[in-house]
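Undergrad: turn this into a structure:
(2 chains)
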There are 2 protein chains.
Amino acid sequence: MKIIIVGAVAGGASAAARARRLSEDAEIILFERGHDPSFANCGLPYYIGGEIAERQKLLVAPKELLQQRFRLDVRTRTEVLSIDRENKTVTARDLETGLTSTESYDKLILSPGAKPFVPPVPGFDLPGVHTLRDLQDADRLLNSVTGGAKRAVIIGAGFIGLEMAENLVNRGIETTLLELGDQIMPPLDKEITQPILRILREKGVQVRLCDTNESIEKTEKGLRVTFKSGDHQYADFVLLSVGVRAENSLAVDAGLEIGPRGGIKVNKNMQTADPDIYAVGDVVETYEFITKQPTQVPLAGPANRQGRLAAEHIFGRKGLYRGTQGTAIVGLFGKSAAMTGFSEKAARRFDVDYEKIYIHPAHHAGYFPGAQGMTLKLLFSPDDGKILGAQGVGEEGVDKRIDIIAMAIQAGMTVYDLEEVELSYAPQFGSAKDPVNMLGFVAAGVLRKDQPIVHADQLNEASWKDALLLDVRTTAEFESGHIEGAVNIPVDDLRNRINEIPADKKVIAYCKVGMRGYLATRILLQNKRNAYNLSGGYTTWDLMRGDG
Amino acid sequence: MKIIIVGAVAGGASAAARARRLSEDAEIILFERGHDPSFANCGLPYYIGGEIAERQKLLVAPKELLQQRFRLDVRTRTEVLSIDRENKTVTARDLETGLTSTESYDKLILSPGAKPFVPPVPGFDLPGVHTLRDLQDADRLLNSVTGGAKRAVIIGAGFIGLEMAENLVNRGIETTLLELGDQIMPPLDKEITQPILRILREKGVQVRLCDTNESIEKTEKGLRVTFKSGDHQYADFVLLSVGVRAENSLAVDAGLEIGPRGGIKVNKNMQTADPDIYAVGDVVETYEFITKQPTQVPLAGPANRQGRLAAEHIFGRKGLYRGTQGTAIVGLFGKSAAMTGFSEKAARRFDVDYEKIYIHPAHHAGYFPGAQGMTLKLLFSPDDGKILGAQGVGEEGVDKRIDIIAMAIQAGMTVYDLEEVELSYAPQFGSAKDPVNMLGFVAAGVLRKDQPIVHADQLNEASWKDALLLDVRTTAEFESGHIEGAVNIPVDDLRNRINEIPADKKVIAYCKVGMRGYLATRILLQNKRNAYNLSGGYTTWDLMRGDG
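TA: Numbering: from 1, shown residues only, chains lettered A, B, ... in the order given. Model prediction:
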């Protein structure tokens, strides 16, 4: 068995190591266009920021280790130019010598990844305008950062753009973050991104939403970045992080089937249209986990999993790729935002019917010092309660809750299962009713109609405009800020003042986070009022207001 | 509907709040023998240690709140003396006035909890010998601690004993911890407790295993605690934390069915033998989650869940208690140890067939600063790979992995599912192959026979005594400590030196954590050697050696 793997990071490296474990006899050639196989691309921003001080650390599996330990034929700085499917060969060029050679294969695994997208904007080819894909890019950015750069513009507020913003701020660089959309972190729903937007601004990042750049020019004062809005900014360097494009040219030239967003189409064994050619990682179009519809999500975890599965399939194993959940997280200035499964935006895009709820629990028992708040949002099927997705933002413990729900989605669980799960509790780690249980209680309560809810983004709709907004917080809370038009009756007074509540209109109860609002809703319903709880209370309303 | 609830902490308080949400009309009386309803009993050690500075914080739902917000008739310092099942009444005594009264009920919920067990040992009734159950106990201990006490003896190294040890050390008190068994934290398997035992000793706690006390005497030098081993220790106070006993006397007197360990028997609706009487929390014998066999586990999470379910059943809801997983965690001096599902000990006790594996991953990407090691142990069915239990010990991120596996157990998932789950990855939070995935890879590899394994505790068995122990770490690692009798061939040399490996005997490969040992096992197997990997490598072997 002779296996050729194109691309030696994440998916390619995983495939190679797995193939070797399964077969000592296989000949395995790993072609890598870059300098380094298996480097930690998710660590690059932190290397530039100085948090990862040793470059060496980023070489997760150095070439020598792959050669010695896994007996792989690793050919770095070697670009595969073409695939001859009929004769089952590839032609590659050594980028140092310029020499080309041809290698035959029994099985070919394509793992070339994705490259940063560079829009056709004047000046994007100037020195000082960077993208960040590999260690050499990182070295160049590090040189700028440590070489006296004082001002930077980052174009694109996705995960890499944000991580770079944090790291540049930590380096003392004045940073402007430009984003075409009306929110940072496009995969998440906008309101979930607000706390991250706020901390960015608190830390001095100039975040410009709904703006893009028209051109970059070299001037004596540095790079002049001109925005569509008419403003401009001078910068010592610019980072382009507006997304990635699948490196599909080899596959296109070989006539393999390609999806509408450029990803190579594969089956659940990670085989392309040619059964002797597999594709894995950022280059493929794969399957959304719940609906099994095509999707294209560049993430390290799925890339590794796919590489492993491709190698296993070559050796007759039966494992099938289950699809990508899109679990992702970003950490920023001590905060984190994470997601798994569908966001609202994605659910709409995939035409999936959903209900949603919000909670704002503490990350561990409130009576123990250091409890920090978080916001969790859960999407679920209004029919059977099946969990469709979750998002979270906060300080500590967001990753834990999102990962637990990632597991629930993997298992096809419902919100009723979240009520039951028994999680670890000591006051430093959680609560006897963990936030995950609370998500279950609230969502199941909605489905059981214990608690009809309304969302902050519905309040302006015609059918809700005449509703009574009932603030059930304390008078002091009410006075420190409330939703315009709301009437204040603290929940503890509600039973005594029930006659003040009209029976002929909708009543929307709200509190700070939704708990007292829920109790108020129960009291109102049992007193024959047409009551709804504002999901997530004033806190969600405030996030949706989106003042950043 | 008139509901009487006996016991207003955890299960009782949850039942009361849930009942009120479901019915504004119900009359709900909450009897509590102690001073405070719904206090944070899991926080008591940290109140004594000073970490929770305000006593007020421990009153999670003060009496006034329960009265005002939930319109509950809360009667603290009132002990229910008897139940008249025929007439559906209880008789209670006001402990302040001594007056007794009788109340009728439609439904009765028993949530009296469990009391610290006090063995019949001379001197256990002396002043200065404490147990820790409620805020008054905590006040007394706090008085000792802040009143000049310098030396303490804790009897019993369960979770409360350990948490108290940490908090007394933090108060500068010389602490001796006495445990009858040969390990601390009896619910966990011994090797998992070793890192916790080590940190206790590093912090100066005198831990005496396999020892108990014979008597306590009052002397001029303080309380003289005499050990069975013959030694003795002087202490200013003693804490008894040798376990709890269900407060079942009301139920016994009422003729309700009681399990062998004293718990009230209930069905999945939390009903006792009398359908109008429910029991919840530490007082009940409930069901082990996987086997549905009877078990009795005092934990806050299940108590809350059971209280909720009892209230729901009273109002016609159909939810069934699914059984107790036994998910638990303890945090100590920055380390934590946690478990969910079966330990080995419990699996044997329940006669459940299992295989096990160990891994020792970093809690987040190794290339990012601050990665800390942890040990994870997974129990699974050797037939179908169903996950039976997990234990973990380490610094950061143990709670997350145990909670994810708690979810997997709740879902009835297998080790093959752990291979697939897609968890959040950024270098501060995890790895592209999360420790949970690694558990899946290793366990599934064992079941697929990619990797036959042997365990450190089997090495002295007759069938393994003649095996070749092959240390595949580097020479430097080997020389800094290895298993007696092992031969060193670093994995990177193994292919070249394969002829040194006999083909006629078992070969046990091992490395530091099991990864290189796995690759070595693959190389050996494919070279027709009878090879096994030592699960968890030298690190697990070292934990099993159990030097504390």
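Undergrad: assign residue A:485 to helix, strand or coil.
TA: coil (DSSP: H, G, I helix; E, B strand; the rest coil).
Undergrad: scratch that, residue A:207 is what I was asking about
TA: strand.
Undergrad: now do residue A:115
TA: strand.
Undergrad: beta-bridge partners for it, please?
TA: On the basis of DSSP bridges, residue A:115 is bridged to residue A:245.
Undergrad: what about it, neighbour count?
TA: Number of residues near residue A:115 (other C-beta atoms under 10 Å in any protein chain shown) recorded here: 15. (C-beta placed from N, C-alpha, C; glycine too.)
Undergrad: who's in contact with it?
TA: Counting by C-beta atoms under 8 Å, 6 or more residues apart in numbering or on different chains, residue A:115 touches A:131, A:133, A:244-245, A:247.
Undergrad: again with residue A:163
TA: By C-beta under 8 Å, 6+ apart, the neighbours of residue A:163 are A:45-46, A:330-332, B:426.
Undergrad: list the contacts for the residue nearest to the spatial centre of chain A?
TA: Ranked by distance to the mean C-alpha position of chain A (C-alpha atoms, centre = their mean), the top residue is residue A:328 at 3.8 Å. By C-beta under 8 Å, 6+ apart, the residues touching residue A:328 are A:159, A:187, A:299, A:338-340, B:424-426.
Undergrad: re earlier: just name the closest of the contacts of residue A:115 to residue B:487, please.
TA: Within those, proximity to residue B:487 (C-beta to C-beta) peaks at residue A:133, which comes in at 44.9 Å.
Undergrad: name the SS class of the closest one, please.
TA: coil.
Undergrad: so how far is residue A:512 from it?
TA: 44 Å (C-beta to C-beta, to the nearest Å).
Undergrad: next one: residue A:240
TA: 41 Å.
Undergrad: who has more neighbours, the two?
TA: A side-by-side neighbour count of residue A:240 and residue A:512, using other C-beta under 10 Å, places residue A:240 first with 22 against 18.
Undergrad: and the helices in the stretch 1-150 of chain A, which stretches?
TA: Here the stretch 1-150 of chain A has its helices, by DSSP state H, counting those that start in this stretch, at A:10-22, A:44-48, A:63-70, A:135-146.
Undergrad: okay if I get these as a markdown table plus mean neighbour count, distance to chain B and mean pLDDT?
TA: Formatted as a markdown table, these follow (neighbours: other C-beta atoms under 10 Å in any protein chain shown; distance: least, C-beta to the nearest C-beta, whole Å; pLDDT from 0 to 100):
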| stretch | mean neighbour count | distance to chain B | mean pLDDT |
| --- | --- | --- | --- |
| helix A:10-22 | 26 | 5 | 97 |
| helix A:44-48 | 26 | 7 | 98 |
| helix A:63-70 | 17 | 4 | 96 |
| helix A:135-146 | 18 | 12 | 96 |
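Undergrad: could I get those helices in CSV, plus columns for distance to residue A:107?
TA: Output for those, formatted as CSV (distance: least, C-beta to C-beta, whole Å):
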stretch, distance to residue A:107
helix A:10-22, 9
helix A:44-48, 31
helix A:63-70, 17
helix A:135-146, 29
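Undergrad: got any ranges where chain A has weak pLDDT?
TA: Applying pLDDT under 70 to chain A picks out residues A:547-548.
Undergrad: max-length helix in it?
TA: Counting residues, the longest helix in chain A under DSSP state H turns out to be helix A:300-314.
Undergrad: hey, what's the residue nearest to residue A:294 when sequence neighbours are not counted bridged with?
TA: Closest residue to residue A:294 apart from its sequence neighbours, by C-beta to C-beta, 6 or more residues apart in numbering or on different chains: residue A:285 at 5.3 Å. Applying DSSP bridges to residue A:285 gives these bridge partners: residue A:265.
Undergrad: give me the number of neighbouring residues for residue A:285.
TA: With other C-beta under 10 Å as criterion, residue A:285 counts 21.
Undergrad: can I assume it is in contact with residue A:297?
TA: No: if you go by C-beta atoms under 8 Å, residue A:285 and residue A:297 don't touch, sitting 9.6 Å apart.
Undergrad: make TSV out of the contacts of residue A:115 and add distance to residue B:275 and neighbour count.
TA: Output for those, formatted as TSV (distance: C-beta to C-beta, whole Å; neighbours: other C-beta atoms under 10 Å in any protein chain shown):
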residue	distance to residue B:275	neighbour count
A:131	70	20
A:133	67	18
A:244	62	20
A:245	66	16
A:247	67	21
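Undergrad: the residues you listed: which two are farthest apart?
TA: The widest separation within the contacts of residue A:115 (C-beta to C-beta) is 13.3 Å, between A:131 and A:247.
Undergrad: and the longest helix of chain A, what does it pack onto?
TA: helix A:10-22, strand A:107-110, strand A:277-279, strand A:284-287 (3 or more C-beta pairs under 8 Å, 6 or more residues apart in numbering or on different chains; DSSP states H and E).
Undergrad: repeat that with 6 Å
TA: helix A:10-22 (3 or more C-beta pairs under 6 Å, 6 or more residues apart in numbering or on different chains; DSSP states H and E).
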